[in-house]
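Trainee: sequence below, structure please.
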Amino acid sequence: MKSKLLLLAGFFLLAFSAAFGQAVDTTGLAGNPVFDEPRLDTLLNAYNILYGALVIVWGYVAKAFKLNAKFSNFVFVVLAGGVVIGGAFIGFGFTKAFPLVLTFLSAIGIYDILFKPIEKVIKA
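Mentor: A predicted model of the protein is given here:
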């Protein structure tokens, strides 16, 4: 019993010292602008990630509306949605066309590599 109590006290001492070491800023970096709250202009500069996520979400929305049953090749449905979303991004001046093409190809690659196998495992 005494050894368990000693181990517990040692654990709490280590946990407290680790928490104290992380909570106290000894480097003087607390005013670093990297840790400021995000503003709207910095969030809008992440348009590539947002566009890729919207393309993947569009694929799921199109499946929910059963567009994969209405069209023989579902890739063209996702491509059409990507073109419309990309047109909005270009129209609002967030980006140019070429970076969005690379982002679109990345988004469909991420879907094929990550999301599709997970869906198959869940359905099985």
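Trainee: now residue 124: how far from residue 102?
Mentor: Per Cβ to Cβ, to the nearest Å, residue 124 is found 33 Å from residue 102. In short, each C-beta sits where N, CA and C put it, glycine included.
Trainee: more crowded one of those two?
Mentor: For residue 124 versus residue 102, neighbours defined as other Cβ atoms under 10 Å are more numerous around residue 102 (11 against 5).
Trainee: so the more buried one, which of the three states?
Mentor: Put simply, residue 102 is helix when judged by DSSP: H, G, I helix; E, B strand; the rest coil.
Trainee: per-residue pLDDT, it?
Mentor: In this model, residue 102 is scored at 85, pLDDT.
Trainee: going forward can the numbers begin at 53, since that is how I track them
Mentor: Okay, residue one is now 53; in that scheme the one you just asked about reads as residue 154.
Trainee: and it, what does it touch?
Mentor: Counting by Cβ atoms under 8 Å, 6 or more residues apart in numbering, residue 154 touches no other residue.
Trainee: mind giving me the domain split of the protein?
Mentor: Recorded structural domains for the chain (assignment: automatic domain parsing) are 54-78, 93-175.
Trainee: all strands of the protein, in order?
Mentor: Shown for the chain, no strands are assigned by DSSP state E.
Trainee: what about this protein, any weak spots by pLDDT?
Mentor: Residues of the chain that meet the criterion pLDDT under 70 lie in 53-97.
Trainee: residue boundaries of the helices in it?
Mentor: 54-75, 92-96, 99-116, 119-122, 126-143, 149-162, 168-175 (DSSP state H).
Trainee: buried set for the third one?
Mentor: For helix 99-116, a neighbour-count test (16 or more other Cβ atoms under 10 Å) marks 99-100, 102-104, 106-108, 110-111, 114 as buried.
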